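Student: just need the structure, nothing else, for what follows:
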Amino acid sequence: MIGSMSAAAMLFDARDHYDNRSPRADDLIRDIKDNPDMPDALPRAISECVEAAGHEWDTPQQQALLRAARFGMDFVDVPRGDYVEMCQHLRVLCHVRNFEVRAGRVTRHPSGNLQACSSVHRAPIQHPSNINHATLGHRRCYLYCGF
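Tutor: Numbering: from 1, shown residues only. As a prediction, this is how the structure comes out:
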């Protein structure tokens, strides 16, 4: 995103400036919101950051993209459903990826999106039940996915 002038890149950059207590963050948000060519640039930037987090494998980068999306939500009223759902999916994937009982690994869906295929979520989560950890598998599914 370095050097990009897309609204999502500017939103990501604005969050970085905000973390550094720079007044440039406000300027970037105003540039996104007041863009006459795209009146819905900020909601689109938010959804692009959320979607990019779903395609990203690196956990710190996922968190940075979701923080940027959440930062943008403070300036415009948008539905939070996609954001919340993505956070839940990424939380489950992170727990599955870093859990020592599981065998194998989480793979990407053919589309490249980590959250696009529900079987990607269910297959690794069902694994604890295959090795007599049914309670653990059930609690994970209930807490993070609502299954």
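Student: give me the mean pLDDT for stretch 73-81.
Tutor: Confidence over stretch 73-81 (mean pLDDT, whole number) is 89.
Student: check stretch 31-43 too.
Tutor: Model confidence over stretch 31-43, given as mean pLDDT, is 88.
Student: residues of that stretch that come out buried?
Tutor: Residues 32, 41-43 are the ones in stretch 31-43 that count as buried (16 or more other Cβ atoms under 10 Å). Any C-beta I mention is one placed from the backbone N, CA and C, and that applies to glycine too.
Student: where in the protein is pLDDT low?
Tutor: For the chain, applying pLDDT under 70 flags the ranges 1-3, 98-147.
Student: 50 instead?
Tutor: In the predicted model of the chain, residues 101-109, 113-126, 128-129 satisfy pLDDT under 50.
Student: what's the longest helix in it?
Tutor: Scanning the chain for the longest helix, with DSSP state H as the assignment, gives helix 81-97.
Student: in JSON lines: the buried residues of stretch 31-43, plus secondary structure and distance to Ala9.
Tutor: Listed next are these as JSON lines, based on DSSP: H, G, I helix; E, B strand; the rest coil; distance: Cβ to Cβ, whole Å:
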{"residue": "Ile32", "secondary structure": "helix", "distance to Ala9": "10"}
{"residue": "Ala41", "secondary structure": "helix", "distance to Ala9": "12"}
{"residue": "Leu42", "secondary structure": "helix", "distance to Ala9": "13"}
{"residue": "Pro43", "secondary structure": "helix", "distance to Ala9": "16"}
